[in-house]
Each structure stands twice: as structure tokens, then as C-alpha cells.
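Participant: coords please:
(one chain, ligands or ions: 1)
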Amino acid sequence: MKLPPLVEPAAQLSVDEVRRYSRHLIIPDVAMDGQKRLKNAKVLCVGAGGLGSPALMYLAAAGVGTLGIVEFDTVDESNLQRQIIHGQSDVGRSKAESARDSVREINPLVNVQLHEERLDSSNVMELFAQYDLIIDGTDNFATRYLVNDACVLLNKPYVWGSIYRFDGQASVFWAEYGPCYRCLYPEPPPPGMVPSCAEGGVLGVLCASIGSIQVTEGIKVLTGIGEPLVGRLMIYDALEMTYRTVKVRKDPECAVCGKNPTVTELIDYEAFCGAVSEEAQEAVKDSTITPKTLKSWIDEGQSLEIIDVREPAEWEIVSIDGAKLVPKNEFLMGDALTKLPQDKKIVLHCKSGVRSAEVLALVKAAGFTDAVHLGGGIVSWVNQIEPQKPIY
Ligand SMILES: [Zn+2]
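Facilitator: Just a heads-up that it's a prediction; the model follows:
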């Protein structure tokens with residue numbers, strides 16, 4: 001689908017700009033007209049992290065006239081493996097300021113606007129209204145749905161990307177011409193179902209692969225060249241080294257961009273994405289114990305099967321004495337349920353109590369109606385019972 005240019009061209013390029021952008025100017029599809037459009041463009045990057053780093057650097061180099069950066073975090077040493085807009089000497093600094101300094105070094109002609117605040121329902125509309133295009137580099141579902149809904153309500157296009165380990169996805173969501181993020185993913189996954197990069201890791205260079213797709217799409221949308229990823233989802237697999245696209249259709253029943261939208265203003269996105277499933281909420285009623293209760297059961301010598309549903313890498317860091325490791329996935333696949341002892345009380349726990357609540361619903365449904373889970377998980381256990389052990 002070919003779309004009209006998003007922004008009008010600037011009146012003219014200076015001599016310095018002609019020199020700087022000459023390799024763009026001699027591409028017939030970009031040429032003077034396209035470069036003037038980039039000069040006039042206002043692009044907001046949500047996040048100056050893994051995806052925001054390459055996105056901001058290439059948008060700056062390309063000559064986007066105004067670049068906004070929404071970021072409230074500070075640079076941490078663990079960011080440097082992939083967030084290449086920041087360097088060693090930036091550790092501890094504001095990420096927004098660090099990113100601004102890098103952008104200025106790449107291209108001093110760019111006007112950089114910093115928004116050092118957490119994006120939420122109270123500020124998103126006013127912020128997005130100042131820009132033509134949004135680049136979404138966030139890594140959590142609450143912000144993704146917030147960005148999507150705000151863009152639909154403001155009728156703005158945005159370029160979305162996501163990364164995890166060796167896999168990436170990208171698309172352009174623009175409700176006027178195609179689907180939005182909710183058409184593709186109407187509901188957020190249950191908490192704990194999709195681990196973040198902080199929990200599961202990410203290959204650093206994957207950020208460049210997906211971030212550069214986002215910039216490419218941004219330039220195409222701003223200047224009206226080529227076929228943007230509107231109505232298509234790009235799926236990248238670094239291990240197989242494959243890129244494939246799948247069609248994404250606009251959902252006529254979409255809650256925000258459909259015919260009869262139920263979301264006509266911003267909602268509480270933390271609540272929308274943060275609640276545990278209804279099954280888990282039901283399962284934990286009257287079946288949640290405190291660390292003190294568990295300790296007293298252990299001290300009384302009760303017949304217990306304490307099951308830790310975390311991952312082996314987490315178990316290596318800290319565990320409760322006497323517990324057995326059975327990762328949550330083994331319950332989801334079904335094989336773990338058949339191995340549960342019938343003559344002991346089942347006590348489930350995870351890191352914070354979210355994953356164990358989900359497993360508790362499965363265990364109870366399988367007939368272990370007196371099973372319980374540890375509220376607050378091993379974090380609460382360590383804090384209250386064994387403070388000498390590490391938490392993470
Ligand atoms: Zn939609």
C-alpha cells in the first residue's frame with residue numbers, strides 16, 4: 001500500500017544541509033523533496049534504550065528536523081551491551097541527556113526536545129500532539145497499549161518494534177489506513193506469560209536489526225516513498241537469519257479502531273496489563289499463605305510438597321530448603337500435573353507470586369483442591385524468614 005507523504009517539505013535546504021545530505025539527494029526517490037520533508041518532520045522516540053538508541057542515531061543522521069525523546073531512566077552498566085547511544089562515561093547520567101549529546105554529535109542541525117517523564121495517560125496526548133510520527137521503543141505492555149490508543153485517538157501513525165533473545169517484530173500501525181496494535185493483539189498476555197528482556201535476555205545486536213527497520217519505515221512514512229509496513233508484520237529470526245512478513249488485517253470489532261469502539265478515551269493501562277488472569281484470581285482466594293505460615297508448617301513437620309515454579313537460572317540464585325524445582329512451563333505442558341504426590345499438601349511458590357498463582361489455578365483444576373501458594377513468593381520469604389539469602 002502506497003501512502004501520501006506525512007509531512008510537507010521545508011522551504012529550502014541550506015548549503016551545509018545540501019553537503020551533509022548529498023547521498024540522499026542523489027537518490028531519485030528521496031531527492032530534494034524528500035530531504036525537505038525530513039527537515040520539516042517532528043519525530044518522537046518513546047524510550048532511549050535498546051530500540052531507541054539506533055533509531056535516534058539514524059533518524060538524526062538522516063536529517064529529521066526535530067527529534068523528541070521520552071525517557072526518565074538513568075544509564076546503567078547493564079544497558080551498554082545494546083544501548084549504543086550511551087557510553088561508559090554516561091553511566092549514572094540521565095538517559096535523555098546522554099542521548100541528546102550523542103544526537104548533537106552526529107548531527108548538530110537536529111532540534112532535540114527532551115521529555116524526562118514517565119509516559120502515562122495524563123501526559124501522552126499533549127506530548128504526541130506535538131509530533132508527526134511516534135517511534136515506539138518501549139518494552140512493556142502497559143506502555144505499548146497506551147502508545148497505541150493515544151495514536152489511534154490522535155490519528156497518528158507509529159512504528160512499533162519488539163525484541164526478545166534472538167527474535168524481533170516490527171510494524172507500522174496507522175488506524176486511518178490499516179490495523180492498530182490492538183487489531184493484532186486485542187488483549188495483553190497474562191502477567192508472567194511473556195518474559196521481558198530483563199527476565200529472559202536479548203542479543204544486543206538484535207536492537208540494531210529491529211531499530212533500523214523502524215527508522216526505515218519512519219523515513220518512508222514521512223516522505224511517502226515505498227510501501228510501508230502498514231497492514232504487515234515483519235518477523236525476524238536471527239538464529240535462522242530469516243525475515244518474513246505476515247498480513248495483519250484491521251479488526252472491525254477492534255476495541256479502539258473498530259466500527260463500534262469501546263475504548264474512546266485512555267484507560268488505566270497498568271490495571272489492563274497488570275492483573276493476573278481471572279482463573280488465577282479465583283484460585284488464590286483463601287489459598288494464599290504467608291511466609292510465616294509456611295515456616296510454621298515446616299517447623300511442625302507437616303507433610304508438604306513445596307514446589308518452586310521458577311526457571312533453573314533463578315533457582316541457582318536462591319531457593320527454599322526442601323523445595324523442588326518444577327518450572328511453570330512443565331505445568332502448562334501438562335506433564336508436571338501427573339507427577340504430583342496425592343498424599344502431601346502442595347505448596348507452590350515463584351519469585352513474587354504471579355506465576356505461582358497461575359500454576360495454582362491449573363493444580364486446583366486437576367483436583368488438588370487444598371493446594372496453596374506463597375503470597376509474595378521467595379522475595380517475601382527471604383525478606384521475612386531468611387534475610388541472609390540473596391534476592392534478585
Ligand atoms: Zn485496531
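
Participant: Residue numbers of the chain in contact with the ion?
Facilitator: Residues of the chain found near the ion (C-beta under 5 Å from the ion) are 180, 182, 183, 254, 257. Where C-beta positions appear, they are placed from N, C-alpha and C, glycine not excepted.

Participant: Surely the fourth one is in contact with residue 184?
Facilitator: No. Counting by C-beta atoms under 8 Å, residue 254 stays clear of residue 184, with 9.5 Å between them.

Participant: These two: which is more packed in?
Facilitator: Using other C-beta atoms under 10 Å as the criterion, residue 254 and residue 184 rank with residue 254 on top: 22 against 19.

Participant: That one in helix, strand or coil?
Facilitator: Taking DSSP: H, G, I helix; E, B strand; the rest coil as the rule, one finds residue 254 in the coil state.

Participant: Show me what whichever helix in the chain runs longest is packed up against.
Facilitator: The longest helix of the chain (DSSP state H) is helix 206-223. Using 3 or more C-beta pairs under 8 Å, 6 or more residues apart in numbering; DSSP states H and E, the elements in contact with helix 206-223 are helix 31-40, helix 52-62, strand 133-136, strand 158-164, strand 167-173, strand 232-237.

Participant: And the helices in the stretch 251-392 of the chain?
Facilitator: With DSSP state H, counting those that start in this stretch applied, the stretch 251-392 of the chain shows helices at 269-274, 278-284, 291-299, 312-317, 328-332, 335-338, 354-365, 377-384, listed in chain order.

Participant: any idea of the pLDDT on the closest residue to residue 85 other than its chain neighbours?
Facilitator: Excluding the flanking residues, the one nearest residue 85 by C-beta to C-beta, 6 or more residues apart in numbering is residue 53, at 3.8 Å. Residue 53 carries a pLDDT score of 98 in this model.

Participant: try residue 201
Facilitator: Confidence score, pLDDT, at residue 201: 81.

Participant: on that earlier part again, just the helices of the stretch 251-392 of the chain: most buried one?
Facilitator: Most buried of the helices of the stretch 251-392 of the chain, by mean neighbour count (mean count of other C-beta atoms under 10 Å): helix 354-365, with a mean of 24.

Participant: Tell me how many other residues surround the residue in the stretch 1-150 of the chain that the ion sits nearest to.
Facilitator: Residue nearest to the ion within the stretch 1-150 of the chain: residue 148 (7.9 Å; C-beta to the ion). By other C-beta under 10 Å, 26 other residues sit near residue 148.

Participant: Centre of the chain to the host helix or strand of it, how far?
Facilitator: Assigned by DSSP states H and E, residue 148 belongs to helix 141-154. Relative to its parent chain, helix 141-154 has a centroid offset of 12 Å by C-alpha atoms, centre = their mean, to the nearest Å.
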